[in-house]
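Novice: Sequence and predicted structure below; questions after.
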Amino acid sequence: MLSQETVITTHNLTKSFGDFTAVNAITFEVKAGEIFGFLGANGAGKTTAMRILCGLLSPTSGEATVAGFDVYKENESIKKHIGYMSQKFSLFEDLTVRENIEFFGGIYGLSRKELKEKGNDLIQRLGMGKEAEKLVGSLPLGWKQKISFSTAILHQPKIVFLDEPTGGVDPITRRQFWDMIYEATDSGITVFVTTHYMDEAEYCNRVSIMVDGSISALDTPNNLKHQFDTDSMEGVFLKLARQAKRGE
Amino acid sequence: MAEVIIQNITKTYEKGTVKALDNVSFTVKSGELFGLIGADGAGKTSLFRILTTLLIPDSGKASVAGFDVIQDFKKIREIVGYMPGKFSLYQDLSIEENLNFFATVFGTTVEENYELIREIYVQIEPFKKRLAGQLSGGMKQKLALCCALIHEPKVLFLDEPTTGVDPVSRKEFWEMLGRLKERGITIMVSTPYMDEAKLCDRIALIQNSKILDIDTLEGILSKNKQNLFAVNSDKMYQLLKDLRAYPNTISCFAFGQKHHLQLNSGENSLKSLLPYLKQKGHTNISIKAISPDIEDTFIKLMQDA
């Protein structure tokens, strides 16, 4: 599904807080249909970079566009054309599954008719017919994560940002989650994902690794392993992240 | 000698409709580094809260260092250290103030037990005037561990200390635990990361409120007799779908660079696999027999449960 169309471009993108440079002149592109792994140690600057790309934070300098929109001037348009899910905040616990789907779909501008159709379709695909009217708070985490991902792409965004989507879930659910990611890319959605599971880095088309605010490496998992002379992504990560000088 | 004894513990919530722990029994030996491994919602935190006397079980008995979790709850609170999964120190006190507070509450001083926390504390000491609420995740974790250790506990309970922590910091954290164990502290630690099983003396695998197995890692792995193969080709996602559709497949899951395929024991199940994949158009196919690792085994135990 890879094409030459780019969905994210950044050039020397920088964000400073006072005299601390959280993101230091990062330059990269993400192609349409790609699964792009965004790795780095805690405190390397991943969250800051991701917040800029989601239109939530204005950079200090440099350039970036997401889905064709400029991060300085068109951040509201960016928010409409992306999907976002994080482990920390995904769904409203005191709304039912159906209410959450309708709420998030509604926010993304789906009509009532679309909401009904897509909502029913989604509940059926997730096999949650029985749970549709239950409060999300009463469901296991793995289910929440699946619903959360599905609502994040309900409006068929160009790109979906996933911030540690599989943290804490069981090994079967973790793999089912990646099946859903593959399905999403098959339907043309670009996936930008952070994870601390190094086996999941292997599932990405390309992986970037941030160290101390900069991108230290960016390539396919195979090329990275070759470049760093190791047989696993964990090996690549350990070699790079150990060079980090700044604390968290 | 058993330091932690758990006998038929059951705990439910919401008037019995939600089961957190279902007849759980096991023991942790004195001086052991024991891992409780399972996903979010498996029941790990409920068990930790019962053992630290913060929650009363519906039924069953448990003791820590010989003290009953219900009758002797005050004694237990004096001799255990507990680091909850959610950061629970005072956000509006500084690093130094939090540590002094916990030392004082336990009737000791930071100086008295400094040796025990020194190695961890020196990493955050340069920021000791900073408010706990303003610390990064890794620094909060180190401070919480110092506060849990400052009264030199006999048993240390760490609830998911490495969740959301990157692989490098996770490694460092486990190295610290190894050194605490050498000082004779019994440590019970929970984690959703299966790969941390190899760093524990023994582990309990927990899922859906039930213990799936308890043993050393080697012991658990040796019981798993799956007919398992690592398979890869040029098109991994298509390969996953094709392997799942293969008639002799019991299960197939992605494992990083390879897919792990469990075949039935039929005579031809392996023999006809390569022709099948070639016919499906796969290139650069590799099929290797492998021994199951902890994730394979956890998945199998989940499916059997």
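Specialist: Thanks, I have it.
Novice: For the rest of this, base every contact and every neighbour count on C-alpha atoms.
Specialist: Will do.
Novice: Quick one: residues contacting A:T195.
Specialist: With contact taken as Cα atoms under 8 Å, 6 or more residues apart in numbering or on different chains, A:T195 is in contact with A:G37, A:F38, A:L39, A:D163, A:E164, A:P165, A:T166, A:G167, A:A201.
Novice: which residues sit in contact with the most centrally placed residue in chain B?
Specialist: Central residue check for chain B by Cα atoms, centre = their mean: the C-alpha nearest the mean position is that of B:T191, 2.3 Å away. Taking Cα under 8 Å, 6+ apart as the criterion, B:T191 is in contact with B:G35, B:L36, B:I37, B:G38, B:A39, B:D159, B:E160, B:P161, B:T162, B:T163.
Novice: try it again with 6 Å
Specialist: With contacts defined as Cα atoms under 6 Å, 6 or more residues apart in numbering or on different chains, the neighbours of B:T191 are B:I37, B:E160.
Novice: got it, and B:P84?
Specialist: Taking Cα under 6 Å, 6+ apart, we find B:P84 in contact with B:D159.
Novice: what do you get if the cut-off is 7 Å, keeping everything else the same?
Specialist: Taking Cα atoms under 7 Å, 6 or more residues apart in numbering or on different chains as the contact definition, B:P84 lies against B:L158, B:D159.
Novice: just A:L56 next, same as before
Specialist: For A:L56, no contacting residues are found, by Cα under 7 Å, 6+ apart.
Novice: Try it again at 10 Å.
Specialist: Residues touching A:L56, when contacts are defined by Cα atoms under 10 Å, 6 or more residues apart in numbering or on different chains, comprise A:T48, A:M50, A:V71, A:N75, A:E76, A:I78, A:K79.
Novice: List only buried entries from those residues.
Specialist: If you count burial by 16 or more other Cα atoms under 10 Å in any protein chain shown, the buried members of those come out as A:T48, A:M50, A:V71, A:N75, A:I78, A:K79.
Novice: What is the helix or strand harbouring the fifth one packed up against?
Specialist: It stands for A:I78. Of the helices and strands defined by DSSP states H and E, A:I78 is found in helix A:75-81. Using 3 or more Cα pairs under 10 Å, 6 or more residues apart in numbering or on different chains; DSSP states H and E as the contact definition, the elements that helix A:75-81 packs against are helix A:46-53, strand A:61-66, strand A:69-70, strand A:159-163.
Novice: Let's have those in JSON lines, adding distance to B:T104 and mean pLDDT.
Specialist: JSON lines is the format used below for the helices and strands packed on helix A:75-81 (distance: least, Cα to Cα, whole Å; pLDDT from 0 to 100):
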{"stretch": "helix A:46-53", "distance to B:T104": "37", "mean pLDDT": "94"}
{"stretch": "strand A:61-66", "distance to B:T104": "48", "mean pLDDT": "97"}
{"stretch": "strand A:69-70", "distance to B:T104": "54", "mean pLDDT": "97"}
{"stretch": "strand A:159-163", "distance to B:T104": "40", "mean pLDDT": "96"}
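Novice: Any idea which of the ones you listed gets closest to A:M233?
Specialist: A:M233 sits nearest to helix A:46-53 of all these, at 17.8 Å, using Cα to Cα.
Novice: The contacts of A:T195 in strands, which ones?
Specialist: With strands identified by DSSP state E, the entries of the contacts of A:T195 that belong to them are A:G37, A:F38, A:L39, A:D163.
Novice: what would the residues you listed look like in a markdown table with neighbour count and distance to B:L217?
Specialist: As requested, the ones in strands among the contacts of A:T195 are arranged in a markdown table below (neighbours: other Cα atoms under 10 Å in any protein chain shown; distance: Cα to Cα, whole Å):
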| residue | neighbour count | distance to B:L217 |
| --- | --- | --- |
| A:G37 | 26 | 31 |
| A:F38 | 26 | 32 |
| A:L39 | 27 | 29 |
| A:D163 | 21 | 31 |
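Novice: Nearest to B:I124 among the residues you listed?
Specialist: Comparing these against B:I124 with Cα to Cα places A:L39 closest, at 24.8 Å.
Novice: Run through the bridge partners of that closest one.
Specialist: Following DSSP bridges, A:L39 is listed with bridge partners A:I209.
Novice: ok, it touching A:H196?
Specialist: Yes - at 7.5 Å, A:L39 and A:H196 qualify as touching, with contact defined as Cα atoms under 10 Å.
Novice: so which of the ones in strands among the contacts of A:T195 comes closest to B:E267?
Specialist: Closest approach between those and B:E267, by Cα to Cα: A:G37, at 40.6 Å.
Novice: Give me the nearest residue to that closest one, chain neighbours excluded.
Specialist: A:V207 (4.4 Å; Cα to Cα, 6 or more residues apart in numbering or on different chains).
Novice: pretty sure that neighbour is in a strand, no?
Specialist: Yes - the assignment for A:V207, made by DSSP: H, G, I helix; E, B strand; the rest coil, places it in a strand.
Novice: Tell me how far it lies from A:F237.
Specialist: A:V207 sits 11 Å away from A:F237, taking Cα to Cα, to the nearest Å as the criterion.
Novice: which outside residues touch the helix holding A:I78?
Specialist: Residues lying outside helix A:75-81 but in contact with it, judged by Cα under 10 Å, 6+ apart, are A:52-58, A:65-71, A:107-109, A:155-160.
Novice: mind saving the C-alpha coords of that helix as PDB?
Specialist: Presented in PDB, the C-alpha positions along helix A:75-81 are these (Å, rounded to 0.1, in the frame of the first residue of the first chain):
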ATOM      1  CA  ASN A  75      -3.700  23.100  13.300                       C
ATOM      2  CA  GLU A  76      -7.500  23.100  13.600                       C
ATOM      3  CA  SER A  77      -7.700  21.500  10.100                       C
ATOM      4  CA  ILE A  78      -5.000  18.900  11.200                       C
ATOM      5  CA  LYS A  79      -7.200  17.900  14.100                       C
ATOM      6  CA  LYS A  80     -10.100  17.200  11.800                       C
ATOM      7  CA  HIS A  81      -8.000  15.000   9.400                       C
END
